[in-house]
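1. Here is my input; please provide its structure:
(one chain, ligands or ions: 2)
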Amino acid sequence: MPKQYEHQEGSSLRLEKFHGIIPAFYACYDDQGNISEPRTKALCDYLLEKKVQGVYVGGSSGECIYQNLDERKAILGYVAEHLKGKMTLIAHVGAPSTRDSVELAKHAASLGYDALSAIPPIYFKLPDSAVYKYWSEIIDATPLDFIIYNIPQTTGYTLTTSLFAKLLANPKVIGVKNSSMPTMDIERFKKVGGDNVIVFNGPDEQFVAGRIMGADAGIGGTYGAMPELFLQANQFIQQGKFEEAKLIQSEINDIIIALVSLDGSMYAVIKEVLNRRGVNIGSVRGPLEGISNEDAGRIDKIIHMIDKSIARFCE
Ligand SMILES: CC(=O)N[C@H](C=O)[C@@H](O)[C@H](O)[C@H](O)CO
Ligand SMILES: CC(=O)C(=O)O
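-> Ligands and ions are numbered 1, 2, ... in the order given. Prediction:
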């Protein structure tokens, strides 16, 4: 068990359990495309064995947008059952309506999650007042800590430093997962929040840059495909080995570019990478595209790239 997880009292100690590499948990389906409990457990076991700090369940990478409420609750339950007390658990509860988000939040709280998180409202472009109210109602629904999720490229909504500051007035708001591309945004959020706030790097392609600009930790959609490399990049930064960190980031980026260049969607490709590692979590739900016949050989090459980088930096 990671040492930080053993202590949780005190304000900055309270945040320590969130420091480190937190993979975004993938949706685990059976061959018919239904949520699969045994496959969810297989992914839990795999990530536990990799010694990651925690998991971010039911976010973008969890394909939450394509699942109904009961399915999302079931996934939160399966993960809690297998990983509670073994690593930090963050539940993403953002849903189109406030009502559904609050219901998911209450469910996650009942399961003993460490924190909640949510994207801003999607589809309609709403004013800051509505976004503030949306997040606040989720936060008020449970005693859990809350992590804002800023991801303008998919939601169309950009969190400002002033709304961030306003939300931080609520002591349950412990930080932000920032997935906008400018690393300066990370620096600005950290400046507003200071030491008592945790900022997570979003874009995996800029993990090293984000950490140097002030991100305390990372939550990412590609970590699960290569946890060893992100754990090592994080360690290089902690050790002040910035040249090594830069080199590993460069190889990670070659791999991410390969993961997003096939016929199948990135998540379908990552799931096939995991499948070939012995962790079968099925494929993706439409409209995300599965892998093509041509992708099969290309995935061999990606696995080779990952293995080569692990051998170069981690062994
Ligand atoms: C837009 C998006 O989904 N961003 C994720 C979260 O920040 C990232 O972790 C990406 O999955 C990753 O950087 C690959 O592009
Ligand atoms: C972090 C990320 O990619 C997610 O929300 O799933």
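2. C-alpha from now on. contacts and neighbour counts both.
-> Noted.
3. Up against ligand 1, what does the stretch 1-150 of the chain have?
-> Contact residues (CA under 6 Å from any ligand atom) of the stretch 1-150 of the chain with ligand 1: residue 60.
4. What ranges does the stretch 1-150 of the chain have for its strands?
-> For the stretch 1-150 of the chain, strands defined by DSSP state E, counting those that start in this stretch occupy the ranges 21-23, 54-57, 88-92, 115-118, 145-150.
5. need those in a markdown table with mean neighbour count and mean pLDDT, can you?
-> A markdown table is the format used below for the strands of the stretch 1-150 of the chain (neighbours: other CA atoms under 10 Å; pLDDT from 0 to 100):
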| stretch | mean neighbour count | mean pLDDT |
| --- | --- | --- |
| strand 21-23 | 27 | 98 |
| strand 54-57 | 27 | 99 |
| strand 88-92 | 26 | 98 |
| strand 115-118 | 26 | 98 |
| strand 145-150 | 24 | 98 |
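6. mind checking which of these is nearest residue 260?
-> Closest of these to residue 260 is strand 21-23, at 17.6 Å (criterion: CA to CA).
7. With only the CA atoms kept, save stretch 264-276 in PDB.
-> In PDB, the C-alpha atoms belonging to stretch 264-276 read as follows (Å, rounded to 0.1, in the frame of the first residue of the first chain):
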ATOM      1  CA  GLY A 264     -10.500   2.200 -34.000                       C
ATOM      2  CA  SER A 265     -11.100   4.900 -31.400                       C
ATOM      3  CA  MET A 266      -8.300   5.400 -28.800                       C
ATOM      4  CA  TYR A 267     -10.200   3.600 -26.100                       C
ATOM      5  CA  ALA A 268     -10.800   0.600 -28.400                       C
ATOM      6  CA  VAL A 269      -7.100   0.500 -29.200                       C
ATOM      7  CA  ILE A 270      -6.100   0.800 -25.500                       C
ATOM      8  CA  LYS A 271      -8.500  -2.000 -24.700                       C
ATOM      9  CA  GLU A 272      -6.900  -4.300 -27.300                       C
ATOM     10  CA  VAL A 273      -3.500  -3.400 -25.800                       C
ATOM     11  CA  LEU A 274      -4.800  -4.500 -22.400                       C
ATOM     12  CA  ASN A 275      -6.400  -7.600 -23.900                       C
ATOM     13  CA  ARG A 276      -3.100  -8.700 -25.300                       C
END
